[in-house]
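Novice: for reference, the sequence and a predicted model appear below.
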Amino acid sequence: MRKSIILVGAAAAAGLVALGGSAFTGSGLSTSGTAASPQFIGGTVSQSVTGATLTAINYGFTDVTNTSVNTIALTFATTADGRTVAAVPSGGAGGTFACSDILNNASSCTFAPATAETGYTGLTSLAVTVS
């Protein structure tokens, strides 16, 4: 009897660890290994989100080598329409991104050049804030 209780406890703990691990990596926001490689410039982009739950992010590029980002499509989980979205890039060079308010759990961000750039290059992190 004692062995079966220990086995059930161990199986439950392993299940919780597996569930917790998949919930953490499933969002694709904490590590570059959880999203398709074309979505990451130079191999890695770190993304942080404040104010909502982001379920998907897709980068659009101006070049075939995927190094110059000009659009970002954001998909959220159960987020009220009309909320304001900001996407702040860092680690590279270029302008900023102007994002639409959330509509049907989505927002799109377009590149706003500082000078004559066509996209943000060298992106290593993106901070998304929903308010």
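Specialist: Cool, the structure landed.

Novice: which stretches in the protein count as strands?
Specialist: Taking DSSP state E, the strands of the chain run over residues 46-50, 54-61, 68-76, 85-90, 96-99, 106-112, 120-121, 125-130.

Novice: averaging pLDDT over each of these, which comes out lowest?
Specialist: Ranked by mean pLDDT, the strands of the chain bottom out at strand 46-50, with a mean of 84.

Novice: sheet partners, orientation included, of that strand?
Specialist: strand 125-130 (parallel) (DSSP bridges).

Novice: a markdown table for the strands of the chain, including mean neighbour count?
Specialist: Heads up, the C-betas are built off the backbone N, CA and C, glycines and all. Shown next, in a markdown table, are those (neighbours: other Cβ atoms under 10 Å):
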| stretch | mean neighbour count |
| --- | --- |
| strand 46-50 | 16 |
| strand 54-61 | 18 |
| strand 68-76 | 21 |
| strand 85-90 | 18 |
| strand 96-99 | 17 |
| strand 106-112 | 19 |
| strand 120-121 | 22 |
| strand 125-130 | 19 |
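
Novice: verify the stated contact: residue 80 with residue 103.
Specialist: No: counting by Cβ atoms under 8 Å, residue 80 sits too far from residue 103 to count as a contact (10.2 Å).

Novice: contact partners for the residue nearest to residue 52 when sequence neighbours are not counted?
Specialist: Spatially, and ignoring its direct neighbours in sequence, residue 52 is nearest to residue 130 (3.9 Å; Cβ to Cβ, 6 or more residues apart in numbering). Contact partners of residue 130, counting by Cβ atoms under 8 Å, 6 or more residues apart in numbering, are 49, 50, 51, 52, 76, 79, 83, 84, 85, 102.

Novice: recalculate using a threshold of 6 Å.
Specialist: 51, 52, 83, 85 (Cβ atoms under 6 Å, 6 or more residues apart in numbering).

Novice: now residue 129
Specialist: Residues near residue 129 by Cβ under 6 Å, 6+ apart: 50, 51, 86.

Novice: what's the neighbour count on residue 101?
Specialist: 11 (other Cβ atoms under 10 Å).

Novice: likewise for residue 52?
Specialist: Counted with other Cβ under 10 Å, residue 52 comes out at 21.
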